[in-house]
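A.B. asks: the following block contains a protein sequence and its predicted model.
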Amino acid sequence: MLLPCYNEALTIGKVIDDFARELPGATIYVYDNNSSDDTSAIAREHGAVVRFEPRQGKGNVVRQMLRDIDADYYIMADGDDTYPAEFAPALLAPLMADEADTVVGDRLSNGTYGEENKRAFHGFGNDLVRWLINRLYGYQYTDIMTGYRSFSRVFAETLPVLSPGFQIETELSIHAADKRWRIQQVPIEYRDRPEGSVSKLNTFSDGLKVLGMIFSLFKDYKPLPFFSLLAAFFFAVGLVLGIPVILEFVETGLVERLPTAVAAVAFCGLGALLLVCGLILDTVVKGHRRDWELRVTEAYRRERGRREG
């Protein structure tokens, strides 16, 4: 059980007790991310294994968790008591039945997030991010930004965590969809933070970082569509500038707007260059994907051998 925490002294004791009750055989790890309150002391008193991550940001914490901890199955939640522990067995069940590689705790489909969450722009941001990822990656997520997830050992071993902060949930969702992992979504209830507990998520600055992560990973994972869109834009601008010049030349035999003609050629040339970049990078990404698939296959074989042995 993984609980990344930053100043959660008000709730961390209850969260640990709840998950210990629902998952009696699990080891609960609390990673304190430079808390200025008693989060780590309270977590230790309630029986959690406490470790520290000095690099600020949830993504940095998750990266270190996965490097440090070797387990058959992982469940990740927040230490703010917004995710009820009684749903943990439901998030584990598809993994243990070998029906999924990662399970997403869906806060949105049953409406509890909309009822409990008091920050209107958070709901709008969730909808925008979900729409973008579903359109770009073709997997119909019902909840992208949830922090309540589970995943298998193989998923954890082969997950490259790039984001330093709250973009981590977006990165997990995109990675799972792009690499065609077996994904299941389990509806959960959501409850807002108790009075006195403060969210660390900044709606606008962190929202912009999430959007930046979406487009950065889109460029990295799907370079041909990404650069094709850019190429189409520059081609369109070049045509808008160039067609009147061409028509004028057909009628008069003269190019009187030479700067416009040069700009049109430059825009079309840039569009062609971007398209070539996309084709080259697409070949590189396909090669990396083949190598990654072979590594995942080998990781699956090691895992099966470990279980049978």
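C.D. replies: Thanks, I have the structure now.

A.B. asks: now name the helix or strand holding R295.
C.D. replies: Using DSSP states H and E, R295 sits in helix 258-308.

A.B. asks: separation between the residue nearest to Y137 when sequence neighbours are not counted and S216?
C.D. replies: Take Y137 and drop its neighbours on the chain: the residue closest to it by C-beta to C-beta, 6 or more residues apart in numbering is A177, 4.2 Å away. C-beta coordinates here come from the backbone N, C-alpha and C atoms, glycine included. Noted for A177: a distance of 15 Å to S216, by C-beta to C-beta, to the nearest Å.

A.B. asks: same question for F151.
C.D. replies: Computed as C-beta to C-beta, the F151 to S216 distance reads 22 Å.

A.B. asks: with Y148 instead?
C.D. replies: 25 Å.

A.B. asks: between the two, which is the more surrounded one?
C.D. replies: It is Y148, of Y148 and S216, that has more neighbours when counted by other C-beta atoms under 10 Å, with 25 against 16.

A.B. asks: for that one, give me its contacts.
C.D. replies: M76, A77, D78, Y83, F87, L91, V104, G105, R107, I188 (C-beta atoms under 8 Å, 6 or more residues apart in numbering).

A.B. asks: ok, E189 next?
C.D. replies: Contacts of E189 were listed using C-beta under 8 Å, 6+ apart, and they are P84, F87, R107, N110, T112.

A.B. asks: and the closest residue to the second one other than its chain neighbours, its phi and psi?
C.D. replies: Leaving out its chain neighbours, the residue that sits closest to F87 by C-beta to C-beta, 6+ apart is I188, at 4.4 Å. The phi/psi pair for I188 (degrees, to the nearest 10) reads phi -130, psi 160.

A.B. asks: residue ranges with poor pLDDT in this structure?
C.D. replies: Along the chain, the parts satisfying pLDDT under 70 run over 114-124, 200-203.

A.B. asks: about what we covered before: surely the residue nearest to F87 and A85 touch.
C.D. replies: No. With contact defined as C-beta atoms under 8 Å, I188 and A85 do not form a contacting pair (10.4 Å).

A.B. asks: what about the two, which has more around it?
C.D. replies: I188 (25 against 21).

A.B. asks: for that one, which residues are in contact?
C.D. replies: Per C-beta under 8 Å, 6+ apart, neighbours of I188: Y83, P84, F87, A90, L91, G105, D106, R107, N110, T112, T146, Y148.

A.B. asks: what two of those residues have the greatest distance between them?
C.D. replies: Across the contacts of I188, the longest distance by C-beta to C-beta is 15.8 Å; it joins L91 and T112.

A.B. asks: the chain: strands as residue ranges?
C.D. replies: Along the chain, counting by DSSP state E, strands occupy 2-5, 29-32, 49-52, 73-76, 102-106, 149-152, 183-187.

A.B. asks: which of those strands sits closest to Q140?
C.D. replies: Nearest of the strands of the chain (C-beta to C-beta): strand 183-187, 9.1 Å.
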